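no sequence on this one, just coordinates:
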């Protein structure tokens, strides 16, 4: 083997190494693009989840307030009906012929 053969062999190995490194670099750039895409998607998911969380809190508060309003209305109706029934029981109810109807 001569000097030129070794040189050519080294040049061949360097070219092979260069090609291999270029392929690795291309793959790395492709992965980097995929990583960036994955990061964008994850940021979008985080934003969507925060929006969902805020909206669900608003819905929860609204539903709780509705329950409180319904309970207050129901309590008011019960109080009015108890007051009305006790008033009619104490005062007595007059029939159309003028006689009183008492509950006790």
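Sure thing, it's come through. Since the structure is predicted, the reported quantities are computational estimates derived from the model, not experimental observations.

And the helices in this protein?
Using DSSP state H, the helices of the chain run over 3-91.

In it, where is pLDDT below threshold?
In the predicted model of the chain, residues 1-3, 88-104 satisfy pLDDT under 70.

okay, which residue is most central for it?
The residue lying closest to the centre of the chain (CA atoms, centre = their mean) is residue 52, at 2.9 Å.

Let me know the distance separating that residue from residue 5.
69 Å (CB to CB, to the nearest Å). Placement of C-beta: from N, CA and C, glycine included.

before we move on, what about residue 64?
87 Å.

now swap in residue 15 and tell me
Residue 15 is 16 Å from residue 5, by CB to CB.

Repeat that for residue 70.
96 Å.

same question, residue 22
Residue 22 sits 26 Å away from residue 5, taking CB to CB as the criterion.

What is the distance between stretch 72-79 and the centre of its chain?
35 Å (CA atoms, centre = their mean, to the nearest Å).

can you check stretch 28-36 too?
Counting by CA atoms, centre = their mean, stretch 28-36 comes out at 30 Å from the chain centroid.

Could you do stretch 60-76 as well?
24 Å.

One more: stretch 70-86?
That offset, for stretch 70-86, works out to 39 Å (CA atoms, centre = their mean).

now do stretch 10-27
49 Å.

okay, now residue 68: neighbour count?
Other residues near residue 68 number 10, with proximity taken as other CB atoms under 10 Å.

Next one: it from residue 76, what distance?
Taken as CB to CB, the span from residue 68 to residue 76 is 13 Å.

shared neighbours of the two, which are they?
Here residue 68 and residue 76 have no joint contacts, going by CB atoms under 8 Å, 6 or more residues apart in numbering.
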